[in-house]
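Participant: what's the 3D shape of this:
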Amino acid sequence: MNKLFSLTDDELVGLYVEGNNRAFDVLIDKYQEKLYSYVYHIVKDAELANDIFQEAFIKAITTIKSGRYTAYGKFAAWITRIAHNLIIDYYRQEKSENLQSCDCEDYDVLNRKELCDETIEDGIIRNQIHSDIRKLIKSLPKSQQDVLLLRYYKDMSFKEIADITNVSINTALGRMRYAILNLRRLVEENDIVLTV
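Facilitator: Here you go, the predicted structure:
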């Protein structure tokens, strides 16, 4: 692994494409502090910064594995641009969710579902959704179940998950990606509605 640290970013990406997951771990090690600091400086929220940081590396993995990454010796700028775009997407989504027009006189800003107590029907639906999700998770391969449960139910970072499961961060990220893709497929195949 020490030999990998002497390679350029493009050489590391090339090795990763050839199947050397340790090469991508070196890239993460090289840029994780700088990238996380960049994201945190903008969003000012540790949890959100961590999510965006991890999503940036998931997108990087997806792009590289699909053969769409073009090596120009600018991996640091490229991964930073991915993170920046994710930040912009996050704020756009936040803005669109928070826009409320008060032009209509019969609209009461305080009469919103999220401000009301949960009804019995909402509780039943929520419990059914949780039950459906648990069944779907149980149908995943064990390695994907583990990563999903540790990430969403134990609120662990991918670094912590990698350490606990004795795999590379890259493998943990990949398992999460496949778990989510498999869950989406299962939801569609079984025509399950996961919203109240």
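Participant: going forward, measure contacts and count neighbours with C-alpha atoms only.
Facilitator: Noted.
Participant: buried ones in whichever helix or strand residue 41 is part of, by neighbour count?
Facilitator: Here residue 41 sits within helix 21-43, counting by DSSP states H and E. Buried residues in helix 21-43, counted by 16 or more other CA atoms under 10 Å: 21-27, 35-40.
Participant: which helices and strands does it pack with?
Facilitator: helix 9-17, helix 46-65, helix 75-98, helix 169-189 (3 or more CA pairs under 8 Å, 6 or more residues apart in numbering; DSSP states H and E).
Participant: and with 7 Å instead?
Facilitator: helix 9-17, helix 46-65, helix 169-189 (3 or more CA pairs under 7 Å, 6 or more residues apart in numbering; DSSP states H and E).
Participant: from the chain's centre, how far out does that helix sit?
Facilitator: With CA atoms, centre = their mean, to the nearest Å as the basis, helix 21-43 stands 14 Å off its chain's centre.
Participant: mind listing residues that contact that helix?
Facilitator: With contact meaning CA atoms under 7 Å, 6 or more residues apart in numbering, helix 21-43 is reached by 4-5, 9, 12-13, 15-16, 46, 49-50, 53, 80, 168-170.
Participant: now the buried members of those.
Facilitator: Among the contacts of helix 21-43, those classed as buried by 16+ other CA under 10 Å are 4, 9, 12-13, 15-16, 49-50, 53, 80, 168-170.
Participant: and these, which is closest to residue 149?
Facilitator: Residue 149 lies nearest to residue 169 out of these, by CA to CA, at 15.9 Å.
Participant: residues touching the closest one, list them.
Facilitator: By CA under 7 Å, 6+ apart, the contact set of residue 169 is 25, 158-159, 162.
Participant: mind putting the residues you listed into JSON lines with distance to residue 188, pLDDT and secondary structure?
Facilitator: JSON lines is the format used below for the contacts of residue 169 (distance: CA to CA, whole Å; pLDDT from 0 to 100; DSSP: H, G, I helix; E, B strand; the rest coil):
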{"residue": "25", "distance to residue 188": "34", "pLDDT": "89", "secondary structure": "helix"}
{"residue": "158", "distance to residue 188": "27", "pLDDT": "86", "secondary structure": "helix"}
{"residue": "159", "distance to residue 188": "31", "pLDDT": "87", "secondary structure": "helix"}
{"residue": "162", "distance to residue 188": "29", "pLDDT": "89", "secondary structure": "helix"}
